[in-house]
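# model this:
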Amino acid sequence: MEEQSRQNETREVTVMEPAPKKEKFGITGSTLKIIAIVSMFIDHFGAAIVEFYLYQILKPYDADYCKALICSKAPWLWMEWMGDPEKVNSLDITLRSIGRLAFPIFCFLLVEGFLHTRNMKKYLVRLGIFALVSEPFFDMAFFGKFSMDHQNVFFTLFIAVLALLAADHVKKQERFSGFHRFVDKIGILIAGVFGVYLSLTSMGRIIGMIPNIFIVIADSIGFGPAPMPELSELVQSIISGVCGFVFGIVFWLIKTGKADAEIRMRLNVGMLYVLGFFTLAELLRTDYGGWGVLAVVVMWLVRPAWMNGFTAGVLALTIMSFGEATAFISALPVEMYNGKRGLKMKYFFYLFYPLHLLLFVLIRRYLIGI
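This next block holds a predicted model:
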């Protein structure tokens with residue numbers, strides 16, 4: 001018996017080594033960034049050059065004037081279709097539709113950066129600095145003059161990161177302060193006011209379209225030509241009003257629900273913080289506005305399920321404008337994301353953004369003088 005136990009002790013134990021993990025095939029974060037940058041470049045070419053040419057040169061004048069203007073600078077560039085407003089408009093629509101892929105991918109990468117950055121202060125400072133640096137180039141590229149009416153996308157991303165920090169703070173908060181409890185108490189009032197604002201704004205837009213609807217009806221029975229109302233604007237106005245109503249109802253359900261009081265407070269306070277940054281982006285009139293901020297927050301909230309969160313974020317942008325619908329195509333490269341960083345190109349986008357806008361301003365000034 002003793003001999004058998006000694007044999008057992010000396011017997012070699014074979015340990016099975018775990019099978020090596022297979023690396024997920026796909027594209028890296030840097031590849032996603034390059035796709036977004038190319039899409040953005042195409043979009044901004046349409047907005048900064050093609051649209052300026054179409055609305056400020058071709059339509060006010062004629063094809064012969066445009067041909068003489070461009071051929072005086074670059075005769076090799078002129079093509080006959082450039083004198084046809086419908087064809088130029090079709091080109092513009094195509095370019096802007098391709099460009100819709102860019103912003104959702106940048107939102108997704110912003111969430112990735114938020115989750116993995118080691119120094120959040122530096123991240124915010126970087127976004128803030130380039131928001132200020134890019135603004136003059138943004139204004140000149142898209143408005144032809146310096147203006148405070150609309151701010152570049154870096155401001156949107158900066159505010160979105162602030163919203164993420166606030167939401168993450170509430171999520172991780174163990175004890176709520178008196179301020180949080182006060183916000184929780186007035187939350188349903190704030191949500192109600194916001195809901196009414198959205199509803200009234202959308203109702204105002206709908207009412208404003210009614211005369212056009214009657215004019216089109218009159219036109220259909222032979223009372224003369226009339227402009228068609230934008231059906232997409234009508235539908236979006238209705239959706240906006242419904243969103244405002246639903247927003248207030250959601251807060252009321254959270255506040256009066258049977259869930260744990262702390263859970264209700266966490267939801268109320270977190271949503272109100274996000275609402276505050278949503279409103280800030282709208283007031284500053286940043287590119288994509290509050291809906292851009294909301295898209296980032298939604299992607300972060302549903303981050304463990306990449307595609308669900310990404311799709312929900314794009315849906316928020318589509319509510320803002322039906323023209324964003326082609327952005328759903330950007331789900332294809334995001335689905336292929338393998339979670340790896342890829343090439344180190346931290347400052348490439350930051351520098352590329354103002355420089356490509358400056359390039360478009362110089363090209364436009366040279367070719368058409370505006």
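# ok but residue 145 is inside a strand, no?
No. Using DSSP: H, G, I helix; E, B strand; the rest coil, the assignment for residue 145 is coil, not a strand.
# name the nearest residue to it, ignoring sequence neighbours.
Leaving aside its sequence neighbours, residue 145 sits nearest to residue 139 (Cβ to Cβ, 6 or more residues apart in numbering; 6.6 Å). C-betas here are computed from N, CA, C, even on glycine.
# element containing the one you found?
Using DSSP states H and E, residue 139 sits in helix 120-143.
# and for that helix, what's in contact with it?
44, 47-48, 113-114, 117, 145-147, 149-152, 154-155, 157-158, 161-162, 165, 350, 353-355, 357-358, 360-361 (Cβ atoms under 8 Å, 6 or more residues apart in numbering).
# likewise for stretch 362-370?
Counting by Cβ under 8 Å, 6+ apart, 48-49, 52-53, 56-57, 69-70, 73-74, 77, 144 sit against stretch 362-370.
# how far does stretch 140-147 stretch from one end to the other?
8 Å (Cα to Cα, to the nearest Å).
# name the residues of stretch 137-149 that are buried.
Buried residues in stretch 137-149, counted by 16 or more other Cβ atoms under 10 Å: 137-142.
# nearest to residue 97, of those?
Closest approach between the buried residues of stretch 137-149 and residue 97, by Cβ to Cβ: residue 142, at 17.5 Å.
# pLDDT score assigned to that closest one?
On pLDDT, residue 142 comes in at 94.
# list the contacts of the residue nearest to residue 50 when sequence neighbours are not counted.
Spatial nearest neighbour of residue 50, excluding adjacent residues (Cβ to Cβ, 6+ apart): residue 92 at 4.6 Å. Residue 92 sits next to 46, 50-51, 54 when contact means Cβ under 8 Å, 6+ apart.
# which ones are touching residue 62?
residue 83.
# and it, what are its phi and psi?
phi -150, psi 180 (degrees, to the nearest 10).
# picking that back up, okay, the angle between the helix or strand just after the helix holding residue 139 and helix 120-143?
Reading on from helix 120-143 to the C-terminus, the next helix or strand found by DSSP H and E is helix 153-172. Interaxial angle, helix 153-172 versus helix 120-143 (axes from the mean of the first three to the mean of the last three Cα atoms, to 10 degrees): 150 degrees.
# quick check: mean pLDDT across helix 153-172?
92.
# list the helices and strands it packs on?
helix 102-116, helix 120-143, helix 261-284, helix 289-301 (3 or more Cβ pairs under 8 Å, 6 or more residues apart in numbering; DSSP states H and E).
# fine by me, thanks again.
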